[in-house]
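[1] My questions are about this predicted structure, shown below with the sequence.
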Amino acid sequence: MFGYIGIHKPELKMKEYYKYRAYYCGLCQVLKERYGRFGQMTLTYDMTFLIILLSSLYESKVTEEQHRCLAHPTKKHWMLHNEVTEYAADMNIALTYHKFLDDWNDEKSIVGLSASKLFVRKYHKIEKKYPEKCQVIAECLAKLQEYEKENVTDLDKIAKPFGDLMGEMFVYRQDEWEGTLRRLGFYLGKYIYLLDAYEDVKEDIIKGNFNPLKEKVGKPTFEEEYRQILIMMMSECSKEFERLPLILDVELLRNILYAGVWKKYDEYGTKSCNKKVIDEEGKGI
């Protein structure tokens, strides 16, 4: 359910692009150092956005390094990391652990069970460090699982647990910005859940899996109404973002929020949610 909050490269200055990559590579390096190769495989663009946002807000001191990696073994790459990177890495592993656990509980996925066992010890260390946040993650995913089993199709209701989860993860400190960050994360989380449902609806219809959009796809007004819902989520998210006193990397962050978040939606396209096409493809399975 991650990987939707990237950059829109054509509208980004090269120095901003390289800085974004440096934060991304920094997170990759921290995941490797703290959680090994399997931890490194959980790397997402969404957590990179969180790192840049919190680093800008709190003006966290950044460490610059250069390293080679498996993806780029011949050349050292610029990497930026700080205390926020470590926090984001911990949250990423906590969320990944619960996601694998849910895959096992929901679908009896052997991959999910095996992967959750790989992270269980690491997760318990994170749980001791961030007990409240880990509890919120577990409760939100449990509520989401409950709604999915009940076949809830109210989009506001079904997206709320993931919004609450993201809101909690965006709160790095209990200070004057806590409420703003929580609301920003909440609307961004709802957007991510709804976009994930949009991307998966074709496969879910064919396979008979739950998806809150299954009964809505194919209706004449579906595409426009759904886009308006997504626009509303990002409008509220952006409103909270603009309340933060950000100076450092603010244009990079705006690129992500105002353009980058729509990249997946635009790539997926209207045709992928055409009910007739889905039904025809499903007959061939």
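    Now that the structure is in, tell me what you want to look at.
[2] List the contacts of stretch 10-26.
    7, 9, 43, 45, 48, 51-52, 55, 64-65, 67, 69, 77-81, 85, 249, 251-252, 255, 259 (C-beta atoms under 8 Å, 6 or more residues apart in numbering). C-beta coordinates here come from the backbone N, C-alpha and C atoms, glycine included.
[3] Just the buried ones from these?
    7, 43, 45, 48, 51-52, 55, 77, 79-81, 85, 249, 252, 255, 259 (16 or more other C-beta atoms under 10 Å).
[4] returning to that earlier point: the contacts of stretch 10-26 in helices, which ones?
    Tyr45, Thr48, Ile51, Ile52, Ser55, Thr85, Glu251, Leu252, Asn255 (DSSP state H).
[5] Point out the least confident member of those residues, please.
    Here the lowest pLDDT out of those sits on Tyr45, with 89.
[6] and the nearest residue to it once chain neighbours are set aside, how many residues sit next to it?
    Closest residue to Tyr45 apart from its sequence neighbours, by C-beta to C-beta, 6 or more residues apart in numbering: Gly6 at 4.3 Å. Per other C-beta atoms under 10 Å, the neighbour tally for Gly6 reads 20.
[7] do Tyr172 as well
    Neighbours of Tyr172 using other C-beta under 10 Å come to 21.
[8] do the same with Pro131
    Pro131 has 10 nearby residues by other C-beta under 10 Å.
[9] ditto for the one 3 residues further on
    A total of 22 residues lie near Cys134 under the criterion other C-beta under 10 Å.
[10] now swap in Gly208 and tell me
    Other residues lying near Gly208 total 9 when counted by other C-beta under 10 Å.
[11] Equivalent analysis for Glu150, please.
    Glu150: 10 neighbours (other C-beta under 10 Å).
[12] and if you look at the one 3 residues further on?
    The tally of other residues near Thr153 (other C-beta under 10 Å) stands at 15.
[13] what kind of secondary structure is it in?
    With DSSP: H, G, I helix; E, B strand; the rest coil as the basis, Thr153 sits in coil.
[14] pretty sure it contacts Phe210?
    No: Thr153 is beyond contact range of Phe210, at 9.5 Å (criterion: C-beta atoms under 8 Å).
[15] and of the buried ones among the contacts of stretch 10-26, the nearest to Lys99?
    Nearest to Lys99 among the buried ones among the contacts of stretch 10-26: Leu43, at 14.3 Å, using C-beta to C-beta.
[16] for the residue lying closest to the closest one once chain neighbours are set aside, what are its contacts?
    Distances taken as C-beta to C-beta, 6+ apart put Cys28 closest to Leu43, at 5.0 Å, once the chain neighbours are dropped. Residues near Cys28 by C-beta under 8 Å, 6+ apart: Gln40, Leu43, Cys69, Met79.
[17] mind listing what the first one touches?
    Right, Gln40. Cys28, Leu31, Lys32.
[18] Recalculate using a threshold of 10 Å.
    By C-beta atoms under 10 Å, 6 or more residues apart in numbering, Gln40 lies in contact with Leu27, Cys28, Gln29, Val30, Leu31, Lys32, Glu33, Arg34, Cys69, Leu70, Ala71, Ala89.
[19] Point out the least confident one among the contacts of Cys28.
    Among the contacts of Cys28, Cys69 has the weakest pLDDT, 73.
[20] and that residue, how far is that from Lys125?
    Plainly put, Cys69 is 24 Å away from Lys125 if you go by C-beta to C-beta, to the nearest Å.
[21] Just the buried positions in stretch 191-206, please.
    Across stretch 191-206, burial judged by 16+ other C-beta under 10 Å covers 191-202, 204-205.
[22] Then stretch 50-64?
    Within stretch 50-64, the residues scored as buried using 16+ other C-beta under 10 Å are Leu50, Ile51, Ile52, Leu53, Leu54, Ser55, Ser56, Leu57, Ser60, Val62.
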